[in-house]
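K.L.:
this one's sequence-less:
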């Protein structure tokens, strides 16, 4: 379904196995929505989509109580948040009030409507997309909300041969707009839980605990960084590194797993100083310097 984008696909699977949420950043037309829809079909998960606009209200996402004239009582009209895989398209186009409505759902997997709490499905996952080049009419996500996303996935342009394969697929009849008509065999429902249990069994030496902590703490005193990573970032780095080890077929963690997890887990959690921006430095570049400065355990 998705040509190329191997790293993006792997990171989407990591998010699902780790039980976290992700920001997917890329220009329009890179199959971000198609990837999420296909992932839901393959894993047999319920899927819902919210197209964010400036006038989107919190109740449009969470739902609201509607008065039923027939029974003279209020009935809960569930919003799209009551699903397994929630695609929040162009999340930075909606107002801070609506963005905040997702905080409780993402952190506690529940929503509160008129004082009553409603639990969300165990597999509830938010995958939010945003366009990195449009700033007019957008509301940048605050640090408090960004910190709740496990990873930030960057989607780039495909290679020339991959783009040619996309054209060949369309010539042969493929149409992403009719995804429901394409036969996709879903995985066994128990496989996702089994994968999560396997990841939890990955062995981690005490020296690697210290390595993760050293990386996180180094971001807090790095000259080019004004806001370093939080303790939640350390937990996220630990979980994603373990998942990478499991996806590589190992039951033990290596320093290379931590290094590979560092960019997607930390790139959205640090804030560069203005002078670093003026010098053209990016979060990935600075994090590469931080990783290189921390001694790797033997």
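P.N.:
Sure, I can see it. Quantities reported herein were computed from a predicted structural model and do not represent experimental measurements.

K.L.:
next up, the contacts around residue 142.
P.N.:
Counting by C-beta atoms under 8 Å, 6 or more residues apart in numbering, residue 142 touches 96, 99. Yep, even glycine has a C-beta here, placed from its N, CA and C like the rest.

K.L.:
can you give me the strands in the stretch 101-250 of the chain?
P.N.:
Secondary structure of the stretch 101-250 of the chain (DSSP state E, counting those that start in this stretch): strands at 110-113, 116-119, 125-130, 151-154, 225-227.

K.L.:
closest one to residue 284 among those?
P.N.:
For those, the distance to residue 284 is smallest for strand 151-154, at 8.3 Å, taking C-beta to C-beta.

K.L.:
average pLDDT across that closest one?
P.N.:
On average, the pLDDT along strand 151-154 is 92.

K.L.:
who are the packing partners of it?
P.N.:
Under the contact criterion of 3 or more C-beta pairs under 8 Å, 6 or more residues apart in numbering; DSSP states H and E, strand 151-154 touches helix 6-18, strand 22-25, helix 255-266.

K.L.:
quick one: low-confidence parts of the stretch 51-200 of the chain?
P.N.:
For the stretch 51-200 of the chain, the stretches with pLDDT under 70 are 134-137.

K.L.:
now the host helix or strand of residue 289 and helix 255-266, what's the angle there?
P.N.:
In the assignment (DSSP states H and E), residue 289 maps to helix 283-293. Calculated by axes from the mean of the first three to the mean of the last three C-alpha atoms, to 10 degrees, helix 283-293 forms an angle of 150 degrees with helix 255-266.

K.L.:
report all helices and strands that the longest helix seen in the chain contacts.
P.N.:
Determined from DSSP state H, the single longest helix within the chain is helix 231-247. Helix 231-247 sits against helix 6-18, helix 191-200, helix 206-220, helix 255-266, with contacts defined as 3+ C-beta pairs under 8 Å, 6+ apart.

K.L.:
and it, average pLDDT?
P.N.:
Mean per-residue pLDDT for helix 231-247: 93.

K.L.:
check which residues of that helix are buried.
P.N.:
Buried residues in helix 231-247, counted by 16 or more other C-beta atoms under 10 Å: 233-234, 236-247.

K.L.:
same check, this time on stretch 38-55
P.N.:
Applying 16+ other C-beta under 10 Å to stretch 38-55 flags 38, 39, 40, 41, 43, 44, 45, 47, 48, 50, 52 as buried.

K.L.:
okay, the closest residue in space to the second one that isn't next to it in sequence and residue 38: tell me how far apart.
P.N.:
Distances taken as C-beta to C-beta, 6 or more residues apart in numbering place residue 12 nearest to residue 39, at 5.7 Å, with adjacent residues excluded. Applying C-beta to C-beta, to the nearest Å, the value for residue 12 to residue 38 is 10 Å.

K.L.:
repeat that for residue 276.
P.N.:
Distance of residue 276 to residue 38, given as C-beta to C-beta: 37 Å.

K.L.:
was I right about residue 216 contacting residue 228?
P.N.:
Yes: under the criterion of C-beta atoms under 8 Å, residue 216 makes contact with residue 228 at 7.4 Å.

K.L.:
those two: who's more crowded?
P.N.:
The neighbour count for residue 216 versus residue 228, taken as other C-beta atoms under 10 Å, is higher for residue 216 (26 against 18).

K.L.:
now do stretch 121-137: distance to the chain's middle.
P.N.:
Distance of stretch 121-137 from the chain centroid (C-alpha atoms, centre = their mean, to the nearest Å) equals 8 Å.

K.L.:
hmm, I was thinking of stretch 282-293
P.N.:
The chain centre lies 21 Å from the centre of stretch 282-293; the measure is C-alpha atoms, centre = their mean.

K.L.:
buried ones in it?
P.N.:
Those buried within stretch 282-293 under the rule 16+ other C-beta under 10 Å are 283, 286, 287, 290, 291.
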